[in-house]
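**Q** Output the structure for:
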Amino acid sequence: MIATTSAQAPLLAGLLLGASLIIAIGAQNAFVLRQGLLQSHRFPVALFCALSDAALIAAGVGGLGVAIGQHPHMLAVVACAGALVLAWYGVKALRRAFHPEVLTPDTHGNAASLWKVLATCAGFTWLNPHVYLDTVLLIGSLASAWPVPGPRTLFAIGAATASFIWFFALAYGARLLAPLFRKPLAWRVLDVLIALVMWGIAGKLLLSVLGML
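**A** This is a model prediction of the structure:
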């Protein structure tokens with residue numbers, strides 16, 4: 001019983017930390033939500049986001065966070081690239097707001113290709129410095145409080161598990177909102193909110209770059 005409890009402690013700590021970091025309005029979550037509402041490529045998108053988080057968490061726990069922390073200019077370059085991607089997607093979202101969609105059977109037939117969707121998802125994931133700050137630096141640094149190899153590995157598994165639960169729940173749970181999004185106005189509001197989120201994050205990234213210089 002004692003051994004089981006000691007094994008559960010780092011796993012639960014990692015799970016709670018991962019959940020607290022990932023459940024927030026952001027570019028990646030907004031994109032997954034939209035794909036879920038469209039019921040388009042939900043599984044590959046959720047899997048890509050979850051596996052990306054797991055890889056970054058593993059890298060952070062493995063010591064990459066320390067290396068990145070010693071080279072802040074790397075984050076500055078990624079922040080600039082990420083800000084451009086987010087700003088452009090915000091423009092696209094605002095343009096969609098003037099030509100709102102509805103959830104109809106034809107929507108799925110006109111969905112973007114899988115590779116285009118995954119490429120966009122990759123941009124939100126790998127060009128967002130906040131992802132590195134959360135998964136690599138923060139989780140990596142907090143993982144150092146657990147001894148190696150067992151407890152620290154369980155901590156990483158717990159944090160990665162939170163990502164898997166969240167992204168699949170977001171992608172497939174979005175269908176509960178489908179009746180609402182049969183109205184063009186709902187899509188217009190969503191896309192305006194997405195545009196504001198994208199531009200807000202892009203602005204924060206550029207401000208963070210100024211702080212690094």
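**Q** Which of the helices or strands spans the most centrally placed residue in the chain?
**A** Of all residues in the chain, the one closest to the mean position by Cα atoms, centre = their mean is Gln28, 3.9 Å from it. For Gln28, the enclosing helix or strand under DSSP states H and E is helix 27-38.
**Q** Looking at that helix now, give me its mean pLDDT.
**A** Averaging pLDDT along helix 27-38 yields 86.
**Q** Convert the C-alpha atoms of the helix or strand that that helix is followed by to PDB, please.
**A** Downstream of helix 27-38, the next assigned helix or strand under DSSP H and E is helix 42-61. Once side chains and other backbone atoms are set aside, the C-alpha atoms of helix 42-61 remain, and they are given as PDB (Å, rounded to 0.1, in the frame of the first residue of the first chain):
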ATOM      1  CA  ARG A  42     -10.600  15.200 -35.100                       C
ATOM      2  CA  PHE A  43      -8.600  12.100 -34.200                       C
ATOM      3  CA  PRO A  44      -5.300  13.100 -36.000                       C
ATOM      4  CA  VAL A  45      -5.500  16.600 -34.700                       C
ATOM      5  CA  ALA A  46      -6.000  15.600 -31.100                       C
ATOM      6  CA  LEU A  47      -3.400  12.900 -31.400                       C
ATOM      7  CA  PHE A  48      -0.900  15.300 -33.000                       C
ATOM      8  CA  CYS A  49      -1.300  17.800 -30.200                       C
ATOM      9  CA  ALA A  50      -1.200  15.200 -27.400                       C
ATOM     10  CA  LEU A  51       2.000  13.500 -28.900                       C
ATOM     11  CA  SER A  52       3.600  16.900 -29.400                       C
ATOM     12  CA  ASP A  53       3.000  17.800 -25.700                       C
ATOM     13  CA  ALA A  54       4.300  14.400 -24.600                       C
ATOM     14  CA  ALA A  55       7.500  14.800 -26.700                       C
ATOM     15  CA  LEU A  56       8.100  18.300 -25.200                       C
ATOM     16  CA  ILE A  57       7.400  17.200 -21.700                       C
ATOM     17  CA  ALA A  58       9.800  14.300 -22.100                       C
ATOM     18  CA  ALA A  59      12.400  16.700 -23.500                       C
ATOM     19  CA  GLY A  60      11.900  19.100 -20.600                       C
ATOM     20  CA  VAL A  61      12.100  16.400 -17.900                       C
END
